[in-house]
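Chemist: Take this sequence and fold it.
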Amino acid sequence: MAEDHRERINRELMELLNELRVALPGVQVLFAFLLTVPFTQRFERLRDPTVDVFFAAVILTAVSSVLLIAPSAHHRMRFRQHSKEQMLRVANVSAVAGLFTLALAVGSTVYVITDLVYGSGRARLVGPLVAGFAVLAWFLVPLLYRSDSRIDPEDEGEDQPAAAGAQTSPSRVLVEAGRD
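Modeler: Numbering: from 1, shown residues only. Now for the predicted structure:
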């Protein structure tokens, strides 16, 4: 049986909130780790540029936390006010932005740790590689998915796919991400 528009919005919002439950513990652990680092003896060994990268990692992690928690806060603030579809659109953009800042935070954190353990030469290579890998795995790989002309029973109710084998441009995906 096909779901109606309201049921679809409810399902999609619950799916998004459940997906955020996967990302949030990782962000919280990273944030907790970063908040303890300045109180360690080894923190004093960091050179000025690495301290700047550390500070960027803290800020990026804080921003990521705010963006990934925002959909839950919006849901609670707008409870029973008939704004779920708009909330879903905003929450989707917030989640994508939160994951992007998390990718940068992870790369920055790896940079700081690598600099402390192995030196700045390796850190300049490893930190950006890790951030780039996260961006690749989380954002670019999904853009390679091809639309299928068949609709899976699990996907029933989702937007009709484009022609079989059609590719979607990254800019179109970001625009549509805000609409979904």
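
Chemist: so what's the backbone phi/psi at residue 4?
Modeler: Backbone geometry at residue 4, expressed as degrees, to the nearest 10, gives phi -80, psi 180.

Chemist: Next one: it from residue 119, what distance?
Modeler: Here the criterion is C-beta to C-beta, to the nearest Å. By it, residue 4 lies 60 Å from residue 119. For glycine as for every other residue, the C-beta is placed from the backbone atoms N, C-alpha and C.

Chemist: what number of residues lie near residue 36?
Modeler: Counted with other C-beta atoms under 10 Å, residues neighbouring residue 36 total 10.

Chemist: what distance separates the host helix or strand of it from the middle of the whole chain?
Modeler: Secondary structure assignment for residue 36, by DSSP states H and E: helix 5-36. Relative to its parent chain, helix 5-36 has a centroid offset of 9 Å by C-alpha atoms, centre = their mean, to the nearest Å.

Chemist: name the helices or strands packed onto the helix or strand that it is followed by?
Modeler: Next helix or strand after helix 5-36 toward the C-terminus (DSSP H and E): helix 48-77. Secondary-structure packing of helix 48-77 (3 or more C-beta pairs under 8 Å, 6 or more residues apart in numbering; DSSP states H and E): helix 5-36, helix 84-118, helix 120-135.

Chemist: Just put those in CSV and tack on mean pLDDT.
Modeler: CSV is the format used below for the helices and strands packed on helix 48-77 (pLDDT from 0 to 100):
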stretch, mean pLDDT
helix 5-36, 90
helix 84-118, 94
helix 120-135, 96
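
Chemist: So for residue 53, which of those helices sits nearest?
Modeler: Closest approach to residue 53 among these is made by helix 84-118 (5.2 Å; C-beta to C-beta).
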